[in-house]
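Peer 1: Okay, predicted coordinates and the sequence, questions at the end:
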Amino acid sequence: MLKVIYVLEVLALIAFNIIWICRTDNKRVKYIFISVISLLVCGVITSISEGIGIYSFFITAIVALFNIITLYDIKTRYIPNILLFVLNITGLITSFFVPNGMFITSILGAWVITGLCFLIGRKAKNGIGTGDLYCMSGLMMSMNFNGMMNFMFSSLFLSLIYGVGTLIFKKKTMKSEMAFAPFLLCGYLVMILCN
């Protein structure tokens, strides 16, 4: 039954991406690239897990949902509240199935780390956006503490490499904004593949 739901989930995601990308004015390859990578990781998660457990199913659902959030963030620099709400509810439900970790640890760890990022962002002029913080909390609730550290390091490291690269090649300046959701997605995928 879960495999059928997974297939329907992937088909719905493909349909959404085709409709969304075709309706945008500039059909960039990067939107399709993010979607394809996300779908491939969904397939890898399903094939690696024995059968498809409930935890793997929820992780796959989070990846599919966060793929949509990433597309919104790249295109509009805005994440709709309904998607943030669904992501956090899904992360909260997933926390009950986290292997090698109690769900209380997952929830408290996610909130503490997100709170620290919020406080640091308030001191910086162009810190992490509020939508990105909600995304971080929803994603981190679905992992244990080691996964959270892996996720944060990967996301921040990848965004650092991208930011320095765009400064070196003069594509952006220090005052330019950049979408953080793609780096959160990549960090999440690294966390999944490392655990």
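Peer 2: Yep, it's here.

Peer 1: For Thr114, which three-state class applies?
Peer 2: Three-state assignment for Thr114 (DSSP: H, G, I helix; E, B strand; the rest coil): helix.

Peer 1: contacting residues around the residue lying closest to it once chain neighbours are set aside?
Peer 2: Nearest-residue entry for Thr114: Ser137, 4.2 Å, with adjacent residues in sequence omitted and distances by Cβ to Cβ, 6 or more residues apart in numbering. Quick note: C-beta positions are derived from backbone N, CA and C, even for glycine. Counting by Cβ atoms under 8 Å, 6 or more residues apart in numbering, Ser137 touches Asn88, Gly91, Ala110, Trp111, Thr114.

Peer 1: Please identify the helix or strand for Ser137.
Peer 2: helix 130-140 (DSSP states H and E).

Peer 1: and Asn88, what pLDDT?
Peer 2: Note on Asn88: pLDDT of 90.

Peer 1: dump the residue contacts of the nearest residue to Met136 once chain neighbours are set aside.
Peer 2: Spatial nearest neighbour of Met136, chain neighbours left out: Thr114 (5.2 Å); criterion: Cβ to Cβ, 6+ apart. Taking Cβ under 8 Å, 6+ apart, we find Thr114 in contact with Leu133, Met136, Ser137, Met140.

Peer 1: burial measure for the first one, as a count.
Peer 2: Spelled out, that is Leu133. 19 (other Cβ atoms under 10 Å).

Peer 1: And the pLDDT for the residue nearest to Gly129 when sequence neighbours are not counted?
Peer 2: Spatially, and ignoring its direct neighbours in sequence, Gly129 is nearest to Phe180 (6.9 Å; Cβ to Cβ, 6+ apart). Looking at Phe180, its pLDDT is 84.

Peer 1: So Phe180 sits against Leu133, correct?
Peer 2: No: contact criterion Cβ atoms under 8 Å: Phe180 and Leu133 do not qualify, at 9.5 Å.

Peer 1: circling back: for the contacts of Thr114, could you give me a markdown table that also reports pLDDT and distance to Gly53?
Peer 2: Listed next are those as a markdown table, based on pLDDT from 0 to 100; distance: Cβ to Cβ, whole Å:
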| residue | pLDDT | distance to Gly53 |
| --- | --- | --- |
| Leu133 | 87 | 29 |
| Met136 | 89 | 24 |
| Ser137 | 90 | 24 |
| Met140 | 90 | 20 |
